[in-house]
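Undergrad: The following comprises the amino acid sequence and a computationally predicted model.
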Amino acid sequence: MSFFITFEGPEGCGKSTQSRLLYERLSERGYPVIMVREPGGTRISDMIRRIVLDLHNTEIQPMTETLLFSAARAQLVNEVIRPYLDHNGIVLCDRYADSTYAYQGFGLGRDLDELRTLTKMATGGLTPDVTILLDISAEAGLERKFIARERARQNARQSPLPDGRTAAPMEWNRLDARELAFHQRVEQGYRQLIAESPDRWRVFDAYLPIEELSEQIFDVVEHSLGK
Ligand SMILES: Nc1ncnc2c1ncn2[C@@H]1O[C@H](COP(=O)(O)OP(=O)(O)OP(=O)(O)O)[C@@H](O)[C@H]1O
Ligand SMILES: [Mg+2]
């Protein structure tokens, strides 16, 4: 049975942590599963990722940003996600179309109907079976990310790599750097998206300890797979 699961939520809510843990739990139990992240997941999409997230690219226009995210998604869906689903696999995707609605729609104020049309073109209408929202305030998520970045920087200073290089600090990208009000609009946007299609969403308390949250997510996913 094919199954498509996406992870959503504000910056630093734990999407990458939880998608990795769910991937491990599912593969340990023998499920055919792959994990991808947006933007990225293919060679072409990773090239686009570098453009959209680069802190230096401040002149990117909202429409350019929207089209680049959609282009990366079109490549990922057609090259990786659809073929795997066609072979009855489970695909976990760290961010997907709802991020476009939350960030470019609610965050940047682009027209939601236009975004829906564009997304349909990019994905051929592929919609997740289940979308996991890791619920956290915009402030708390950004703080988590900030703390993690500072910790990584400190570790890099204390233990530089043997050749004198330092380990890469946690990513702090062009979208993270937007003002708090933007991230608050994103957070509220997710609430509106859930209200529009509540059946697809599963909302989790992102303040729970990582392992506990991972168990809760696994239980809900296994239940959904059994249906
Ligand atoms: N449940 C949790 N409790 C406390 N800290 C957490 C929890 N989940 C993740 N973290 C920490 O918060 C930071 C951000 O987590 P993670 O990178 O998984 O979030 P993300 O949603 O993928 O972020 P981004 O929006 O940047 O992709 C990491 O340092 C991670 O270890
Ligand atoms: Mg992440």
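TA: Cool, the structure landed. Numbering: from 1, shown residues only. Ligands and ions are numbered 1, 2, ... in the order given.

Undergrad: make it CA atoms for all contacts and neighbour counts henceforth
TA: Will do.

Undergrad: For burial, what's the neighbour tally of G109?
TA: Neighbour count of G109, defined by other Cα atoms under 10 Å: 14.

Undergrad: For the residue most central in space within the chain, what are phi and psi?
TA: Central residue of the chain (Cα atoms, centre = their mean): R95, 2.4 Å from the mean position. Dihedral pair for R95: phi 80, psi 150, per degrees, to the nearest 10.

Undergrad: got the contact list for it?
TA: 6-8, 15, 37-39 (Cα atoms under 8 Å, 6 or more residues apart in numbering).

Undergrad: restrict those residues to those near ligand 1?
TA: By Cα under 6 Å from any ligand atom, the members of those lying near ligand 1 are K15.

Undergrad: Closest one of the contacts of R95 to ligand 1?
TA: Distance to ligand 1 across the contacts of R95 (Cα to the nearest ligand atom) is lowest for K15, with 3.8 Å.

Undergrad: Would you mind confirming that the closest one makes contact with G9?
TA: Yes. With contact defined as Cα atoms under 8 Å, K15 reaches G9; the gap is 7.2 Å.

Undergrad: so what sits against both of these two?
TA: Counting by Cα under 8 Å, 6+ apart, the contacts common to K15 and G9 are L134.

Undergrad: Quick check on these two: which one has the bigger neighbour count.
TA: Taking neighbours as other Cα under 10 Å, K15 and G9 compare with G9 leading, 28 against 23.

Undergrad: quick one on the thing from earlier: of all the contacts of R95, which comes closest to E143?
TA: Minimum separation from E143 among the contacts of R95 (Cα to Cα) is found for K15, which lies at 15.2 Å.

Undergrad: per-residue pLDDT, that closest one?
TA: You'll see K15 listed with a pLDDT of 98.

Undergrad: and if you look at R153?
TA: pLDDT, R153: 85.

Undergrad: you'd agree K145 is up against E11?
TA: Yes. The criterion here is Cα under 8 Å, and K145 meets it with E11 at 7.4 Å.

Undergrad: Which one of the two is surrounded by more residues?
TA: The neighbour count for K145 versus E11, taken as other Cα under 10 Å, is higher for E11 (22 against 19).

Undergrad: residue contacts, the closest residue in space to that one that isn't next to it in sequence?
TA: Closest residue to E11 apart from its sequence neighbours, by Cα to Cα, 6 or more residues apart in numbering: G141 at 5.4 Å. Applying Cα under 8 Å, 6+ apart to G141 gives the contacts 10-13.

Undergrad: Try it again at 6 Å.
TA: 11-13 (Cα atoms under 6 Å, 6 or more residues apart in numbering).

Undergrad: And for F7?
TA: Counted by Cα under 6 Å, 6+ apart, F7 has contacts 15, 94-95, 131-132.

Undergrad: do the helix or strand of the chain with the lowest mean pLDDT and ligand 1 meet?
TA: Ranked by mean pLDDT, DSSP states H and E, the weakest helix or strand in the chain is helix 138-158, scoring a mean of 89. Yes. Using Cα under 6 Å from any ligand atom, helix 138-158 reaches ligand 1 at 144-145, 148.

Undergrad: Tell me the residues of this protein that contact ligand 1?
TA: Residues of the chain lying near ligand 1 (Cα under 6 Å from any ligand atom): 10-17, 144-145, 148, 206-210.

Undergrad: so where is the chain shaky, pLDDT-wise?
TA: Scanning the chain for pLDDT under 70 picks out the ranges 160-170, 227.

Undergrad: Check the gap between the closest residue to L225 other than its chain neighbours and A72 for me.
TA: Closest residue to L225 apart from its sequence neighbours, by Cα to Cα, 6+ apart: F3 at 7.5 Å. Distance from F3 to A72, counting by Cα to Cα, to the nearest Å: 21 Å.
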